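*Asks:* got a structure for you, letters missing:
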């Protein structure tokens, strides 16, 4: 059963070494992410599952101890998703253990490494952007059933179309979409998350849509409440941080 969740954005710019001189601009977002993950730690879960958007080569499960890297962003920095072979961790298949974490899960690993986290086992799940809402919800339900006390760290950005200089240029629909996402995540509104428009999210380059709907499936019936910790659109991309407990 899902007992807690944290929702964080996943831009590599959250890592100060990647952001370089622009690092202070996301200090508030980093602080909010730390607070949200603190809620997960306080929940004393039996299992932590980290969910984030991934391209084809990063989709599917990633075991505890899987490696991630920011070398592709010009920084000589590697991370791991928890300690390899930690207590309670499943033995990974060889091909899973050798795959690098997708960037979203590498950012999550970096955040977890800088937050007091319990010794509970963890694993990652890379979710493809095209995954249908129904399948996302089903996957979430399956995750929640895996242990008596499950926690989720859900990585994902809102629209990338908030300004003229945004990665997706300016789209006048983006602000309204992001506001709806912020309300749903802040209120732990499972039904509103399930109802997110897949096509609109795709057009607005909202990479968090599928992970948020996995969260909705996991939280269905759990009766969790939410708290909005951060909402902004630096660089024209919507970032939301919330904690559910």
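*Replies:* It's in. None of the values given here were measured: they were computed from a predicted structure.
*Asks:* contacts only, for the closest residue to residue 236 other than its chain neighbours.
*Replies:* Distances taken as Cβ to Cβ, 6 or more residues apart in numbering put residue 166 closest to residue 236, at 2.6 Å, once the chain neighbours are dropped. C-beta here means a position set from N, CA and C on the backbone, and glycine is covered the same way. With contacts taken as Cβ atoms under 8 Å, 6 or more residues apart in numbering, residue 166 has the following neighbours: 160, 174, 235, 236, 237.
*Asks:* okay, the second one: pLDDT?
*Replies:* Right, the one you point to is residue 174. At residue 174, the pLDDT value in this model is 98.
*Asks:* ok, it - how many residues close by?
*Replies:* Taking other Cβ atoms under 10 Å as the criterion, the count of residues near residue 174 is 27.
*Asks:* try residue 76
*Replies:* Residue crowding around residue 76 was assessed by other Cβ under 10 Å; the count is 8.
*Asks:* in which helix or strand would I find it?
*Replies:* With elements delineated by DSSP states H and E, residue 76 resides in a region that no helix or strand encompasses.
*Asks:* lowest mean pLDDT among the helices and strands of the protein, which one is it?
*Replies:* Lowest on mean pLDDT, DSSP states H and E among the helices and strands of the chain sits helix 94-98, with a mean of 53.
*Asks:* give me the buried positions along stretch 37-54.
*Replies:* Within stretch 37-54, the residues that qualify as buried by neighbour count (16 or more other Cβ atoms under 10 Å) are 37, 39-41, 43, 45-54.
*Asks:* same question, stretch 17-27
*Replies:* Applying a neighbour-count criterion of 16+ other Cβ under 10 Å, the buried positions in stretch 17-27 are 18, 19, 26.
*Asks:* look at the last one and tell me its secondary structure.
*Replies:* Read it as residue 26. Assigned by DSSP: H, G, I helix; E, B strand; the rest coil, the conformation of residue 26 is helix.
*Asks:* ok, it touching residue 12?
*Replies:* No - at 10.7 Å, residue 26 and residue 12 do not qualify as touching, with contact defined as Cβ atoms under 8 Å.
*Asks:* where do the helices sit along this structure?
*Replies:* 16-19, 27-42, 94-98, 103-113, 133-144, 174-186, 190-194, 198-203, 209-219 (DSSP state H).
*Asks:* which of the ones you listed has the lowest average pLDDT?
*Replies:* Lowest mean pLDDT within the helices of the chain: helix 94-98, at a mean of 53.
*Asks:* quick revisit: nearest to residue 136, of the buried residues of stretch 17-27?
*Replies:* For residue 136, the nearest member of those is residue 26. The distance, counting by Cβ to Cβ, is 27.3 Å.
*Asks:* residue contacts, that closest one?
*Replies:* Under the contact definition (Cβ under 8 Å, 6+ apart), the residues listed for residue 26 are 11, 13, 14, 19, 234.
*Asks:* apart from its neighbours in sequence, what residue is nearest the fourth one?
*Replies:* Nearest in space to residue 19, with sequence neighbours left out and distances taken as Cβ to Cβ, 6+ apart, is residue 13 at 4.5 Å.
*Asks:* re the thing from before, okay if I get the contacts of residue 166 as a markdown table plus distance to residue 189?
*Replies:* Formatted as a markdown table, these follow (distance: Cβ to Cβ, whole Å):
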| residue | distance to residue 189 |
| --- | --- |
| 160 | 23 |
| 174 | 20 |
| 235 | 27 |
| 236 | 25 |
| 237 | 22 |
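*Asks:* just among the residues you listed, which is most surrounded?
*Replies:* Counting neighbours by other Cβ under 10 Å, residue 174 leads the contacts of residue 166 with 27 neighbours.
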